[in-house]
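K.L.:
My questions are about this predicted structure, shown below with the sequence.
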Amino acid sequence: MKHEMRHRPFARSEVYRHPELPGTAFDAVRSRIKSDIPLEIASVCKNESNCTVFLNDGSWFTTWSQGSWEHAPDERIVFAISRDMGMTWTEPAPIVGSSDTERIAYGVPFVVPESERIYVFFFAGTRADRSLPEYDAGKLGYVFSDDQGRNWSQRREIVLPDRDMNVCCDRLHGWLNHPPRIMPTGEVILPFSSGKRGGLNRRAWRIAPAEVGLVWCENILTEQDPERLRFTLLPEGARGIRVDIFQHRENPSQRRLLQCFGGVPEDSGFNFQEMTVVALSDGRWLGVGRTFLGAPGYTVSRDRGRTWTPVEPLCYAPGREPIQHPMTMCPITKTSDGRFVLLFTNNDGSQRGAKHVWDGDGKTRNPQWIVVGREIPGERENAGLSFGEPMILAEVDDSGETNLKTGVSMPQFFESGGRFFVCYNVNKEHILLDEIPGAALDQLTPDL
């Protein structure tokens, strides 16, 4: 990729790269200036939030969000298929998209192993004046395909009970980033994030509170009739999974963020988002997500998602320092041999002159790091995990020659055919795929 990557040792392919644009044309698109960019080029400039799942014939099915810019009227969920383990890809095809009255941007796929039905879940938010609380409030829905994406069903809604977080009755400000996961005990769980939008009194969206919920897809593995699918909201009660504001009110990263926007912990300290879930060897579920704490937050459930422990900073090992990380995605994945792979950004929101954990322009989301952990037998602190030394996975050139906005973000680690891969976006423009050699992953694995 010309001038864009400073460091990418494990490059495999480009899932999608938008066409070259003349001069500063991309900035013109981002600022909503029509300019002279052809529509077919302008409408594919934004590419982010990739998710990959696998079909029974070995094909890879990848979805992402595409459009002119975030919140553009032409945002849509698209997919592409690879039949050679990610080396080549079909042209992106649409699944479901935005309209004049609603926004549909981020979707996550799920493949039923037996039937190979592909579900794609998403939130459909209402388009309204941005100053109003109704803006982007919506409902969770899905479509499905029984022929590998050639045809898609009509949209269907998943009814979720209201929670304290909801500003509008029967609607929430929610989004999806991670596909549903089949847990070892058979549950299929879909994590989502939801935030509170205050309308005219909203001072800064960066300090708005947020929480994580789980949708338990009770019978999705066996039920073909969409009218009979059952969905349950977890954890139980009126609130999702949050950070305890009183426990962390002196956290330096959180204080720096709130001071920058004139906020107080009581307004936003419980922010927790974009959680991934893996199973520990003793049957507990571990959730890891992004926080204001300058580190990934972790929480544990002993009852299959019904209740969760207070969110704590994830550390390199019990009693050691927190793993530094700003306000960006930090997924954790468990490999087939029991290791835990965390993708993160290795700074607390103060590197490169960044003012806080949300600071953009590639300051806090570049480079992308990877670290590998193992369980310590019998240990409960830090979820029983000990991580090795981290390594830079990819780095975007920030010399000024490239259009650096967010660096590397929304990565997904996955395993296929005994091989290890990471898919991510660069500057929310291009979707890239890397393959991490098994020997490299072994070198990152700590001794216990």
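P.N.:
Structure's in. What do you need?
K.L.:
give me the element Gly319 is part of.
P.N.:
For Gly319, there is no host helix or strand (DSSP states H and E).
K.L.:
start at 45 instead
P.N.:
Yep, numbering from 45; the last one is Gly363 now.
K.L.:
For it, give me its contacts.
P.N.:
425-426 (C-beta atoms under 8 Å, 6 or more residues apart in numbering). (Each C-beta comes from the backbone N, C-alpha and C, glycine too.)
K.L.:
Just list the residues touching Arg346, thanks.
P.N.:
327-328.
K.L.:
From Trp352, how far off is it?
P.N.:
9 Å (C-beta to C-beta, to the nearest Å).
K.L.:
For the stretch 45-194 of the chain, which segments count as strands?
P.N.:
Along the stretch 45-194 of the chain, the stretches classed as strands by DSSP state E, counting those that start in this stretch are 49-51, 55-60, 90-98, 104-111, 120-126, 137-141, 146-147, 151-155, 162-170, 182-189.
K.L.:
Relative to Met227, tell me which of these wins on proximity.
P.N.:
Closest to Met227 of the strands of the stretch 45-194 of the chain, according to C-beta to C-beta: strand 151-155, at 13.1 Å.
K.L.:
Adjacent strands (with direction) for the closest one?
P.N.:
Note on strand 151-155: by DSSP bridges, its sheet partners are strand 162-170 (antiparallel).
K.L.:
Hmm, Gly151 and Phe165 touching each other?
P.N.:
Yes. Using C-beta atoms under 8 Å, Phe165 makes contact with Gly151 at a distance of 6.4 Å.
K.L.:
the more surrounded of these two?
P.N.:
Gly151 (27 against 23; other C-beta atoms under 10 Å).
K.L.:
Tell me the spacing between the more buried one and Arg396.
P.N.:
32 Å.
K.L.:
Show the residue spans covered by the helices in the stretch 195-344 of the chain.
P.N.:
296-305, 309-312 (DSSP state H, counting those that start in this stretch).
K.L.:
Out of the ones you listed, which is the most enclosed?
P.N.:
helix 296-305 (a mean of 20; mean count of other C-beta atoms under 10 Å).
K.L.:
and of the helices of the stretch 195-344 of the chain, who's closest to Met371?
P.N.:
helix 296-305 (7.9 Å).
K.L.:
Quick one: residues in contact with that closest one.
P.N.:
Outside helix 296-305, the residues within contact range by C-beta under 8 Å, 6+ apart are 247-248, 250-251, 292, 307-309, 311-313, 336-339, 370-371, 392-394, 399-402.
K.L.:
Please pick the buried ones from these.
P.N.:
Among the contacts of helix 296-305, those scoring as buried are 250-251, 292, 307, 309, 311-313, 336-339, 370-371, 392-394, 400-402 (criterion: 16 or more other C-beta atoms under 10 Å).
K.L.:
Out of these, list just those in strands.
P.N.:
Of those, none are assigned to strands by DSSP state E.
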